[in-house]
Each structure stands twice: as structure tokens, then as C-alpha cells.
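> sequence and computational prediction follow.
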Amino acid sequence: MSDLPRKAVTRTAKLAALPLGFAGRATWGLGKRIGGRSAEIVGRELQQRTADQLFKVLGELKGGAMKFGQALSVFESALPEEVAGPYRAALTKLQEAAPPMPTRTMHAVLTERLGAEWRDLFLEFENKPSAAASIGQVHRAVWHDGREVAVKVQYPGAGEALLSDLNQLSRFAWLLGPMIPGMDIKPLISELRDRVSEELDYELEAQAQRAHAREFATDPDVVVPDVVHQSDQVLVTEWIDGIPLADVITDGTTEQRDRAGQLLARFLFSGPARTGLLHADPHPGNFRLLPVEDDDGEEGEAEKWRLGVLDFGTVDRLPGGLPDTVGKSLRMTIDGEAEAVYELLREEGFVKESIDLDPDAVLDYLLPIIEPAQASEFTFSRGWMRSQAARVADIRSPAHQLGKQLNLPPAYLLIHRVTLSTIGVLCQLGATVRLRDELEEWLPGFVAPAQDGRGTEVGAESVECEEDEEDEVAAAGA
């Protein structure tokens, strides 16, 4: 197999083949129908051929092309089943594996970054990658101290390829519409492009992973492998086994799906509060379900499954945790406080000063979206996700018209994408999740401050008393 294609002209030609190939297959389909085959059968074949080419091109190119494919994969729940079905298998492949780079190329990177004697760092090293993704591939190995490790090696030219792909995809994003109906692709590509430099920096990734590994070291529910060694383009971390979340989605039991969903929600909402960092790449390839053995060495009950978390290349730095605006607006929406919600959204820039909206209409727009946070537990499903997407996408609906007038401030862009991606994965899992429990525990502002009988926040009066006492002491001293 050849090296990762790096020349812009080569990559552009391959990417351009996607929409051009779609047009060619559409012509082929028309010919088949004229020849007497049913539109339904031809349509299925057409979609399957498109899905196969989508995986082949995006997977082979890796870089930004595959990153784009991975981002799309978590949103397939929102697409109509007749569209999503043929693409699902192809997109799921992008979550877990891609064609690997040649062994000689991988060895060259290790020699350049770890030194000519790099093999001495390992007792064992598997040349065949255990996983290959958008900007690097992972090899299983044994570190010189006997620890099993995962060695992530960045593809040569990955940075150039990422930017080139995303720039090219942006230029003809509108042509990809027929392949992924209902998706607003250009903003997604733009946001991915903004994160390129961080994801390529393995030092930043190592810092984020170490912070999570320290915080979750004794956590009973979440496992984060620690960093063993890091250098430019090579990252060595502890190895963890487990069931890939993509496999839980396709073949998991109800208990595994529910447990994975609960722990995924817990990790993503608790992370910012505990580490000041938000894991911003929640596609299934980055998570594992790990069995916990009981005292007899047997695998325990379903509730003892733990969530293994990988890949901290994309994080949002939130030193104060998630903004309390998110929690407050959620709480007030659930409580039906239309005016208060509207004023808060206006203050934060979700509603521009030049636009006037009906607060009750805004509340009606938000309530169906936050349904999972209202109930004590909620079963996520592709059907529910599709209904929400259809409600907002229908140009005849009031929700569509109102949604076009809302604004997404830059500070909330990544939080918004992570939230939507997480919901997409929960819908793929079909998990029943006690989401409200996690929000009450970890989301600032979601739980209303306790008040006394006079409507004063508990704690506020004591603070005032302390301030009064300080003033009296200061006056006495004077």
C-alpha cells in the first residue's frame, strides 16, 4: 500500500471523486430503471455503492477527510432510516479502523522521534496496528518495564493533509448534500478546521490525558489510561482492553447499552467540573466498555461495567467547568420560565440585540429538545433523534423559522457540538439513561439555589452577616 497521500492535487482529486462519483452512479441508476429494474432495488444499490466509496475515500485519505467522516458518523441517528441504513455500516467503520500506513513508514517515524535504538524501549512491539484513525494509528506493545502500552504514531504530513482536506471539503460541501441529506455540513467542517493545531500537538494531548488519569485514578466507573511517554508525533499510554463502543452499539445487550450510556453521560458532564477540561471528541471509537471482575474472578453484574476513555487530542479548556448559563437555562426551561430564559439567552448572545422574539415561542422551541433532562430517566432512540431533526429542518415549521434567528456564540460552539455528538451516540446505543441525575450532580446552575421562607438564597444572609461583623470590627478598631 502507498504512503498517506500528501500532495494537495492528489487528495483534491480523490475528494472530488465523491460528488462526481455520486453523479455517475445516479446516471447508472437511471439506466437500470429504464432497463426495467424497480426504483426501490436500484435506490438501495445506489446508496450502498455510495456508502462503500465514502468509506474507501475517507478512510484511505485519513487526515481531515476521515476526521470529517468520523464527525458525520455520530449524527447518522438524525437521518431518515432509508438514508442512514445504507451508510451506517460504512460510517461505523470510520469510528474504529482505517487502512494502516506501511510498516516502513511507521518505523521511520519511530526512528526519527524516538531515536535509532527505539526498539530497546520495548520488550515487545506489534507491527500490525490495533487501530488506525484520522491522524495516527495505534500499535500494541510492552514497555521496557513490563507494562502493556498503546503506541500512537502520527502519520507523516498529517497536519498538511488535515488542512488541505478540510479546505477542499469546504469548497464543495454543498455537493455532498445528496450523500448526507439533512446535514448542515459547512459549519461542521469549519469547526473541525479550527481544532487542527491542537489535535496534532501530542504534548497538549498528553497534558490533558495526564490530568484526566490523575482525577479518575480511583474512580469506580471510569478508566483513563495514564501517559507513559510522549514525544513529537509519538504518544505512549497504558493499554486497556474492553469492548469498543461501536460493538456495543451493534451487538451489545440492553444492560451493556444502558450502562455505557449512563457512564458516557457521567464522564462528559463530570469531566469539566473535575478537571477543567471537556473531552471534545465523543465518537464511539474513543470509548471501551470494561468488565469488572468480582472477588471470585468472574465478570460481575452489568452495573459493574466501567467506561474506558481514549484519545484526548481534542479538548475544550473550561477552568471554571461548564458555564452555569447552560444549567440555568435548562432549569428555567423545564420550569416554564419563558421570560427568564429569553433574557438569559439574550444576555449571553444567543439572541442578538437586533432581533426580537416571542419568549413563549422560544420556550416551545426548546422544550422538545431538552426532553431527556426532564424525566427521571429517558430512553434515547434514533426515532426520537430523527423527530427532533425533522422538526427543526422542516422549512414550513415555526421551529425552523425560529431556529434560523438564534445565534450560537463562539464560546459555546464546541460545547454545543459535544452535546449533540453525545446525544447522537446515546441514540445509537438506544440507551435508557438517568440523565437528570448527572445534570443535578455535575452541571452548574441546573439545581436552583435553596431559599428560605423569605425568598432569600440560603447562604446569602450568612455572608451578609459576616460582612456586617467585619464592618463593626473595623469601626471598633478605628
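Nice, thanks for sending it over.
> list the buried ones in the helix or strand hosting Leu110?
Secondary-structure assignment from DSSP states H and E places Leu110 in helix 103-114. Residues 105-106, 109-110, 114 are the ones in helix 103-114 that count as buried (16 or more other Cβ atoms under 10 Å). Every C-beta, even on glycine, is put in place using the N, C-alpha and C of the backbone.
> which one of those residues is nearest to Gly383?
Gly383 has its nearest neighbour among the buried residues of helix 103-114 in Met106, at 43.0 Å by Cβ to Cβ.
> just to revisit the earlier point, moving C-terminal from the helix holding Leu110, which element do we reach first?
Next along from helix 103-114, by DSSP H and E: strand 122-125.
> low-confidence ranges in the stretch 301-450 of the chain?
301-303, 450 (pLDDT under 70).
> can you rerun that using 50?
For the stretch 301-450 of the chain, applying pLDDT under 50 flags no range at all.
> can you give me the strands for the chain?
122-125, 131-132, 136-143, 148-154, 222-223, 227-231, 234-238, 243-244, 277-279, 287-290, 306-309, 315-317, 378-379, 432-433 (DSSP state E).
> can I have the helix holding Leu110 written out in PDB, keeping just the CAs?
C-alpha atoms of helix 103-114 as PDB (Å, rounded to 0.1, in the frame of the first residue of the first chain):
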ATOM      1  CA  THR A 103       5.300  -0.700   8.300                       C
ATOM      2  CA  ARG A 104       8.400   1.000   6.800                       C
ATOM      3  CA  THR A 105       6.700   4.400   7.200                       C
ATOM      4  CA  MET A 106       5.800   3.700  10.800                       C
ATOM      5  CA  HIS A 107       9.300   2.500  11.600                       C
ATOM      6  CA  ALA A 108      10.700   5.700  10.000                       C
ATOM      7  CA  VAL A 109       8.600   7.900  12.200                       C
ATOM      8  CA  LEU A 110       9.700   6.000  15.400                       C
ATOM      9  CA  THR A 111      13.300   6.200  14.400                       C
ATOM     10  CA  GLU A 112      13.100   9.900  13.800                       C
ATOM     11  CA  ARG A 113      11.100  10.700  17.000                       C
ATOM     12  CA  LEU A 114      12.400   8.100  19.500                       C
END
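> now the angle from that helix to strand 234-238?
90 degrees (axes from the mean of the first three to the mean of the last three Cα atoms, to 10 degrees).
> and helix 103-114, what does it pack against?
In terms of contacts (3 or more Cβ pairs under 8 Å, 6 or more residues apart in numbering; DSSP states H and E), helix 103-114 is packed against strand 148-154, strand 234-238.
> give me that answer again for 6 Å
Counting contacts by 3 or more Cβ pairs under 6 Å, 6 or more residues apart in numbering; DSSP states H and E, helix 103-114 packs against no other helix or strand.
> next, the angle from it to strand 136-143.
Using the same axes, to 10 degrees: helix 103-114 against strand 136-143 is 70 degrees.
> what sits up against helix 103-114?
Contact partners of helix 103-114, identified using Cβ atoms under 6 Å, 6 or more residues apart in numbering, comprise 3, 118, 127, 153, 231-234.
> comparing the strands of the chain by mean pLDDT, which bottoms out?
Ranked by mean pLDDT, these end with strand 131-132 at the bottom, a mean of 78.
> for the buried residues of helix 103-114, which one is nearest Glu215?
Leu114 (28.5 Å).
> quick one: that closest one and Asp226, what's the gap?
19 Å (Cβ to Cβ, to the nearest Å).
> what of Gly336?
46 Å.
> for Glu205, same thing?
13 Å.
> list the residues that contact the residue nearest to Glu124 when sequence neighbours are not counted.
Distance criterion Cβ to Cβ, 6 or more residues apart in numbering; nearest residue to Glu124, sequence neighbours excluded, is Val142 at 4.1 Å. Listed by Cβ under 6 Å, 6+ apart, the contact set of Val142 reads 123-124, 148.
> Pro409 contacts Gly349, correct?
Yes: under the criterion of Cβ atoms under 6 Å, Pro409 makes contact with Gly349 at 4.2 Å.
> can you give me the angle the helix holding Leu110 makes with strand 148-154?
Using the same axes, to 10 degrees, helix 103-114 lies at 100 degrees relative to strand 148-154.
> hmm, back to that, compare Glu205 and Asp226 and say which is more crowded by neighbours.
Glu205 (22 against 15; other Cβ atoms under 10 Å).
> check whether the more buried one really touches Phe312, as I assumed.
Yes: the pair Glu205 and Phe312 qualifies as a contact (Cβ under 6 Å) at a distance of 5.3 Å.
> what are the structural domain limits within the protein?
8-99+161-197, 324-442 (automatic domain parsing).
> quick one: end-to-end distance for the shortest one.
Just to be clear, that refers to domain 324-442. 11 Å (Cα to Cα, to the nearest Å).
> and Gly159, how many neighbours?
Gly159 has 18 nearby residues by other Cβ under 10 Å.
> contact partners for it?
Leu200.
> per-residue pLDDT, it?
73.
> and if you look at the one 3 residues further on?
Looking at Leu162, its pLDDT is 70.
> burial check on it, number of neighbours?
Count around Leu162 with other Cβ under 10 Å applied: 27.
> that one and Leu200, how far apart?
On the measure of Cβ to Cβ, Leu162 and Leu200 end up 7 Å apart.
> ramachandran angles for the closest residue to Asp437 other than its chain neighbours?
Nearest residue to Asp437, sequence neighbours excluded (Cβ to Cβ, 6+ apart): Ser376, at 8.0 Å. With angles defined as degrees, to the nearest 10, Ser376 sits at phi -70, psi -30.
> please report the distance of Ser376 from Leu439.
12 Å.
> of those two, which one has the most company?
Legend: neighbour count by other Cβ under 10 Å for Ser376 and Leu439, higher for Leu439 (21 against 8).
> residue contacts, that one?
So Leu439 contacts 373, 446 (Cβ under 6 Å, 6+ apart).
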